[in-house]
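S.K.: one predicted model, sequence on top.
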Amino acid sequence: MSIRVTVWNEFLHEVQFPEVAEVYPKGIHGCIADFLNAQPDITARTATLREPEHGLTQEVLDATDVLLWWGHMAHGEVSDEVVERVYRRVMDGMGLIVLHSGHASKIFRKLCGTDSYMLKWREDGEQEILWVIDPTHPIAQGIGEKVMIPHEEMYGENFNIPKPDTLVFIGWFEGGEVFRSGCCWQKGLGKLFYFQPGHETFPIYHDPEIQKILTNAVRWAAPVAIPPVTHGNPDPIMPVRVGTAKTIAGLHEEKHV
């Protein structure tokens, strides 16, 4: 059974700025959905800000195992009702992958419980080295010790987020700044991954290693099937019998005879 993915994007930069449309002619969401759909175990759809309910109706979210979120210039336009709807789905087990400037989105701030928009930034197109901090983590599988990104917007510490459960990547920039670029948390029954690379004017999501990381992240964030609870059925390991407590008491008495 395929992992059901929804890739959400504001889809404003690509419409307003020709230089962004040149890099992502199908939109950032279209680019990401395309490489995810190339995987045999993933089925990806897209949703954008200006669709009714931002494309994230309850029906869409109920049919989504993992949601990817890219936002930048219109965080305030996302309705609180939709944010609450996404939040509840994460608490119930849906995976969420927040990309780049999504650190300032309403949903990421709600899940973090902090002013996660607070960080250093510089839009210089510097080189970034994405260092793998935890090579054993599923998101880092198939990635070497580092990923070289020729041009990227600089994000720097301090990044106002709660301590990650796992830090998978740290980014280093030419100006000397470092940044927690790949962070994982468990939120309720759902998994949350924040991934920093992805500025709209650079072809970050065309990079095969970045695509590999996000594909790994989708598989990691997908909910694990939990067997349904069957009330009244015997437990296969510890059988429940009428009179169990009496039996145990009797054994205890026999032991001390």
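M.R.: Right, received. Where do you want to start? Residues are numbered from 1 along each chain as shown.

S.K.: show me where this protein has its helices.
M.R.: 13-16, 18-23, 27-37, 58-62, 80-91, 106-112, 208-221, 244-255 (DSSP state H).

S.K.: for the third one, which positions count as buried?
M.R.: Of the residues in helix 27-37, 27-33, 35-36 count as buried by neighbour count, 16 or more other Cβ atoms under 10 Å. Placement of C-beta: from N, CA and C, glycine included.

S.K.: so how far is it off the chain centroid?
M.R.: 15 Å (Cα atoms, centre = their mean, to the nearest Å).

S.K.: give me the angle between it and helix 208-221.
M.R.: On the basis of axes from the mean of the first three to the mean of the last three Cα atoms, to 10 degrees, helix 27-37 is oriented at 70 degrees to helix 208-221.

S.K.: hey, C-alpha coordinates of helix 27-37 in CSV?
M.R.: Taking C-alpha atoms only, helix 27-37 is exported to CSV below (Å, rounded to 0.1, in the frame of the first residue of the first chain):
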residue,chain,number,x,y,z
GLY,A,27,5.9,25.2,-8.7
ILE,A,28,7.9,23.9,-5.7
HIS,A,29,5.0,21.6,-4.9
GLY,A,30,5.0,20.2,-8.4
CYS,A,31,8.7,19.5,-8.3
ILE,A,32,8.6,17.7,-5.0
ALA,A,33,5.4,15.7,-5.9
ASP,A,34,7.1,14.6,-9.2
PHE,A,35,10.2,13.0,-7.6
LEU,A,36,8.1,11.5,-4.8
ASN,A,37,5.7,10.0,-7.3
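
S.K.: begin at 31, not 1, for the rest of this chat.
M.R.: Let's use 31 as the start, then, which means that last one is helix 57-67.

S.K.: for that helix, what is the average pLDDT?
M.R.: Averaging pLDDT along helix 57-67 yields 98.

S.K.: for it, which outside residues touch it?
M.R.: 35, 37-39, 41, 43-44, 54, 56, 72-78, 98, 100, 228, 230, 235-236, 241, 244-245, 248 (Cβ atoms under 8 Å, 6 or more residues apart in numbering).

S.K.: at 7 Å instead, please
M.R.: Defining contact as Cβ atoms under 7 Å, 6 or more residues apart in numbering, one finds that helix 57-67 is touched by 35, 37-39, 41, 44, 54, 72-76, 78, 98, 100, 230, 235-236, 241, 244-245, 248.

S.K.: what sits opposite residue 225 in the beta ladder?
M.R.: residue 129, residue 212 (DSSP bridges).

S.K.: gap between it and residue 245?
M.R.: With the distance defined as Cβ to Cβ, to the nearest Å, residue 225 ends up 12 Å from residue 245.

S.K.: these two: who's more crowded?
M.R.: residue 225 (25 against 22; other Cβ atoms under 10 Å).

S.K.: isn't that one up against residue 210?
M.R.: No - between residue 225 and residue 210 there is no contact, the gap being 10.6 Å when judged by Cβ atoms under 7 Å.

S.K.: make JSON lines from the buried residues of helix 57-67 and add distance to residue 94 to it.
M.R.: As requested, those are exported to JSON lines (distance: Cβ to Cβ, whole Å):
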{"residue": "57", "distance to residue 94": "18"}
{"residue": "58", "distance to residue 94": "18"}
{"residue": "59", "distance to residue 94": "14"}
{"residue": "60", "distance to residue 94": "17"}
{"residue": "61", "distance to residue 94": "19"}
{"residue": "62", "distance to residue 94": "14"}
{"residue": "63", "distance to residue 94": "13"}
{"residue": "65", "distance to residue 94": "18"}
{"residue": "66", "distance to residue 94": "13"}
